[in-house]
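> One predicted model, sequence on top.
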Amino acid sequence: MQTAALVIVLAPLLGAIVAGLFGRQVGRAGAHWVTILGVAASFALSAWMFNAIALKGEEPFEWSLYRWATVGSLDLEIGFLIDKLTVTMMTVVTFVSLIVHIYTIGYMHDDPGYQRFFSYIALFTFSMLMLVMSNNFLQLYFGWEAVGLVSYLLIGFWYTRPTAIFANMKAFLVNRVGDFGLLLGIALVLMYAGSLNYQDVFAAVPDLARQSVGILAGQEWMLLTVVCLLLFVGAMAKSAQMPLHVWLPDSMEGPTPISALIHAATMVTAGIFMVARMSPLFENSDTALNVVLVIGALTAFLMGLVGLVQNDIKRVVAYSTLSQLGYMTVALGASAYGVAIFHLMTHAFFKALLFLGAGSVIIALHHEQDIRRMGGLRRYMPITWLTCLIGSLALIGFPAMSGFYSKDAIIEAVHHSDLPAAHWAHLAVLSGVFVTALYSFRLFFLVFHGKPRFEGHDANDNQAHAAGHAGSAHGHDAGHGHAGPPRESPAVVTIPLILLAIPSIVAGAIAAKAILKDGFFGGAIVVHEDHGAARLLAEEFHDWKAALLHGLTATPTLLAVAGLVTAWLLYWLWPSVPAVLAKIFAWPRLVLERKYGFDEFNEFLFGGGARGTGDVLSRVGDGVVIDGVGVNGTARLVGWISGRLRWLQSGYLYHYAFAMIIGVLLLLGYFVHGIGR
């Protein structure tokens with residue numbers, strides 16, 4: 001087991017090193033083969049570990065690989081904690097990463113940075129595995145920062161584009177806010193628990209729960225409440241929760257494969273995983289759980305609404321990711337940590353499918369990304385059409401699809417929660433079901449059905465603007481002509497779509513009973529008895545068939561079908577109606593297109609505000625203090641003093657003799673004056 005764990009982590013790292021440092025020597029084929037084989041080895045061993053620990057019931061194990069440093073009595077170690085939660089994350093991450101690696105061969109085949117891209121995505125996989133397999137906060141933080149670094153490199157992969165550079169800097173800055181909160185939380189844990197090892201900290205929870213910490217003068221807060229809120233700030237940024245969500249839509253500036261990898265199974269799920277891993281801490285603070293509920297509910301509903309007015313195919317899916325991350329966060333707040341991980345797993349499959357399906361469309365339309373310039377692609381791209389249909393149905397929680405079991409479980413769990421924020425959160429996630437179905441099938445119908453609106457087709461391009469809400473195209477190459485009609489993508493693209501479509505259908509039914517009823521994660525997740533949402537959910541659940549029959553007439557299913565039908569009416573049957581509605585609801589539409597003003601606020605805060613502060617500090621600090629007073633001022637002072645002193649060093653002997661005589665006379669005068677007194 002220990003050897004397997006080490007290979008799982010190091011195989012992608014080895015591939016990244018070879019492709020990155022020796023890319024010219026191994027060539028394009030060598031770069032993709034070494035990284036794919038490395039990730040494939042990780043996936044095979046992760047699946048083997050999953051079978052041994054999660055299915056056969058072998059004991060979880062913890063292993064300290066080596067001592068990195070010793071500070072006083074504190075040992076900083078690199079090690080692994082392999083339990084059911086870990087092996088689930090390992091299997092999902094490596095599977096989706098492997099699919100993305102294979103897909104990248106087709107998507108990036110003409111890109112001059114081919115080897116560099118494969119190096120980055122393999123390094124991304126290594127970083128995420130280090131994060132989820134860690135047994136201590138130090139290694140967690142290393143993986144946390146590593147995925148942030150690689151995401152910066154990947155979002156700005158096309159570094160000659162100003163929009164890509166702006167997007168990766170935005171992601172970097174916003175995540176620094178979250179990382180600072182996470183670091184403060186870890187520092188508090190170390191200060192009061194005296195250890196960074198998970199098991200040591202969790203064992204100290206009863207003592208920590210009785211302690212308080214002063215935030216402001218005269219105000220005492222529960223220590224664990226402060227720790228959990230600080231840790232959750234880190235999760236908010238990494239998992240893109242409001243108001244630290246603004247970086248995620250802009251991450252679409254990177255190539256589509258990395259959009260799928262970031263949004264589906266790796267970086268954005270790190271925050272969800274971290275909160276689930278820290279369940280022993282969060283369970284001791286109802287305040288923190290209520291905050292998690294509120295933030296998740298706001299993100300789930302409000303970000304779904306923004307998805308309704310997006311016209312870039314990748315940005316629609318990106319806002320879908322924001323909304324679904326909100327659902328997972330709501331489950332965490334309801335103490336249904338296992339349900340959150342369940343939805344994380346199913347979402348990884350169908351969201352990766354939707355992103356790669358969008359990439360297939362982009363390839364076929366020669367990098368066109370505006371959905372108002374698409375339409376009628378079903379006849380040209382039947383495999384992409386079918387797999388995207390499966391992904392869309394799974395996303396909206398349509399009966400029998402994987403998302404049906406996990407999303408409905410979240411809604412039921414928050415309904416059972418007794419926390420004060422749960423009632424409001426339940427209304428938000430329930431309303432979000434209709435919104436999700438509406439924006440998902442708005443995308444699906446505008447892209448694959450109706451009259452073709454892409455350039456090179458006889459249809460009038462003006463119809464494209466009548467079919468969707470007003471807005472601007474975000475495609476990198478929007479406006480470029482198309483060389484002939486679109487064609488289905490090559491097998492290296494469509495086979496990954498098919499491989500992702502299968503778990504998008506069956507994964508939910510397979511895993512539902514184990515996770516929702518049988519306590520699949522066991523001791524890896526801790527839930528207090530007074531937080532009974534997951535327990536009540538388990539009592540109601542029998543098996544996937546019963547859940548399917550019950551769900552056919554449940555409110556979430558009815559709302560999903562209503563959203564689907566509404567999208568069919570507006571964007572296929574009556575395509576001229578949305579433009580009329582856009583004029584009637586001009587102000588609400590403007591608010592959604594402006595994304596509630598978060599971009600402007602962050603541009604002021606991180607852009608204009610930060611640049612303005614930097615200019616002031618540069619002029620005052622660097623120009624006046626450092627250069628003026630410090631460097632140049634000191635030089636001028638030394639020059640002035642030396643200019644005066646140089647007259648004493650003329651080099652003439654009679655000057656020195658005269659100075660000596662004057663000195664002797666002064667000394668004599670001093671002594672004579674003293675004797676006289």
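Cool, got the structure. All of these numbers come straight from a predicted model, not from anything done at the bench. Numbering: from 1, shown residues only.
> Could you give me the buried positions within stretch 551-560?
551, 554, 556, 557, 559, 560 (16 or more other CB atoms under 10 Å). For the C-beta atoms, the positions are set from N, CA and C on the backbone; glycine is no exception.
> Can you give the distance of the helix or strand hosting the fifth one from its chain's centre?
Of the helices and strands defined by DSSP states H and E, residue 559 is found in helix 555-568. From the chain centre to the centre of helix 555-568 is a distance of 29 Å (CA atoms, centre = their mean, to the nearest Å).
> any residues touching it, and which ones?
396-399, 404, 407-408, 411, 430-431, 433-442, 444-445, 551 (CB atoms under 8 Å, 6 or more residues apart in numbering).
> 7 Å instead?
By CB atoms under 7 Å, 6 or more residues apart in numbering, the surrounding residues in contact with helix 555-568 are 396-399, 408, 411, 430, 433-438, 441-442, 445, 551.
> And stretch 409-422, by the same measure?
Against stretch 409-422 from outside (CB under 7 Å, 6+ apart): 286, 289-290, 293-294, 327, 330-331, 334, 336, 339, 342-343, 425-426, 429-430, 516, 532-534, 536-537, 556.
> Sort out for me which of those are in strands.
Under the assignment DSSP state E, the contacts of stretch 409-422 contribute nothing to strands.
> the bottom helix or strand of the chain by mean pLDDT?
Ranking every helix and strand in the chain by mean pLDDT, DSSP states H and E puts helix 462-467 at the bottom, with a mean of 40.
> picking that back up, tell me which of the contacts of stretch 409-422 fall in helices.
286, 289-290, 293-294, 327, 330-331, 339, 342-343, 425-426, 429-430, 516, 533-534, 536-537, 556 (DSSP state H).
> Make a ChimeraX selection of whichever of those turn out to be buried.
Selecting only the buried entries of those in ChimeraX, with 16+ other CB under 10 Å as the criterion:
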select :286,289,290,293,294,327,330,331,339,342,343,425,426,429,430,516,533,534,537,556
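> Residue ranges in this structure under the pLDDT threshold?
Along the chain, segments meeting pLDDT under 70 span 217, 265, 455-484, 602-615, 617-618, 620-625, 627-631, 644-650, 654, 673-677.
> For it, which helix extends over the most residues?
helix 162-193.
> now could you export just the CA positions of the next helix or strand after it as PDB?
Going down the chain from helix 162-193, the next helix or strand is helix 198-203, by DSSP H and E. Output in PDB follows, covering the C-alpha atoms of helix 198-203 (Å, rounded to 0.1, in the frame of the first residue of the first chain):
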ATOM      1  CA  TYR A 198      -4.800  15.700  11.400                       C
ATOM      2  CA  GLN A 199      -5.300  12.900  13.900                       C
ATOM      3  CA  ASP A 200      -3.500  14.900  16.700                       C
ATOM      4  CA  VAL A 201      -5.700  18.000  16.000                       C
ATOM      5  CA  PHE A 202      -8.900  16.000  15.900                       C
ATOM      6  CA  ALA A 203      -8.000  14.200  19.100                       C
END
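> contacts for helix 198-203?
Identification of contacts with helix 198-203 by CB under 7 Å, 6+ apart yields 62, 81, 135, 136, 189, 193, 195, 280.
> quick one, what contacts the fifth one?
Spelled out, it's residue 189. Applying CB under 7 Å, 6+ apart, the residues contacting residue 189 are 137, 201, 227.
> can I get the CA coordinates of the helix or strand hosting residue 582 in CSV?
Using DSSP H and E, the element containing residue 582 is helix 577-584. Listed in CSV are the C-alpha atoms of helix 577-584, where the atom choice follows Å, rounded to 0.1, in the frame of the first residue of the first chain:
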residue,chain,number,x,y,z
VAL,A,577,-39.5,35.5,-27.8
PRO,A,578,-36.3,35.8,-25.7
ALA,A,579,-35.4,39.1,-27.5
VAL,A,580,-38.8,40.5,-26.6
LEU,A,581,-38.4,39.4,-23.0
ALA,A,582,-34.9,40.9,-22.8
LYS,A,583,-36.4,44.3,-23.7
ILE,A,584,-39.2,43.9,-21.1
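> What residues of that helix count as buried?
So helix 577-584, judged by 16+ other CB under 10 Å, has buried residues 578, 582.
> now stretch 38-48
38, 39, 40, 41, 42, 43, 44, 45, 46.
> just checking, which of the residues you listed belong to helices?
38, 39, 40, 41, 42, 43, 44, 45, 46.
> in which helix or strand would I find residue 496?
helix 491-516.
> repeat for residue 221
Per DSSP H and E: strand 220-222 holds residue 221.
> now for the helix or strand containing residue 126, which elements pack on it?
In this structure, residue 126 sits in helix 114-133 according to DSSP H and E. Counting contacts by 3 or more CB pairs under 7 Å, 6 or more residues apart in numbering; DSSP states H and E, helix 114-133 packs against helix 2-21, helix 23-50, helix 84-107, helix 137-155, helix 256-264.
> Out of those, which is the most enclosed?
Most buried of those, by mean neighbour count (mean count of other CB atoms under 10 Å): helix 256-264, with a mean of 29.
> re the thing from before, ok, which pair from the ones in helices among the buried residues of stretch 38-48 is furthest apart?
38 and 46 (12.6 Å; CB to CB).
> distance of residue 564 from residue 409?
From residue 564 across to residue 409, the span is 21 Å (CB to CB, to the nearest Å).
> okay, the two: which has more neighbours?
Higher neighbour count among residue 564 and residue 409: residue 409, with 26 against 22, using other CB atoms under 10 Å.
> gap between the residue nearest the centre of the chain and residue 299?
In the chain, the centroid-proximal residue (CA atoms, centre = their mean) is residue 268; its distance is 2.6 Å. Distance from residue 268 to residue 299, counting by CB to CB: 12 Å.
> tell me, what's touching the two both at once?
Residues touching both residue 268 and residue 299 by CB under 7 Å, 6+ apart: residue 325.
> contacts for the lengthiest strand in the chain?
Longest strand in the chain by number of residues (criterion: DSSP E): strand 61-71. Taking contacts as CB under 7 Å, 6+ apart, the residues outside strand 61-71 that touch it are 1-2, 5, 75-82, 135, 199.
> Show me the two of these that sit farthest apart.
It's 1 and 76 that sit farthest apart of the contacts of strand 61-71, by CB to CB, at 23.5 Å.
> Residue 32: what's it in contact with?
Listed by CB under 7 Å, 6+ apart, the contact partners of residue 32 are 105, 118.
> got the buried residues for stretch 375-386?
Neighbour-count burial for stretch 375-386 [16+ other CB under 10 Å]: 375, 376, 377, 378, 380, 381, 383, 384, 385, 386.
> wait, doesn't the second one sit right on residue 452?
Yes. Here residue 376 lies in contact with residue 452, judged by CB atoms under 7 Å, at a distance of 3.6 Å.
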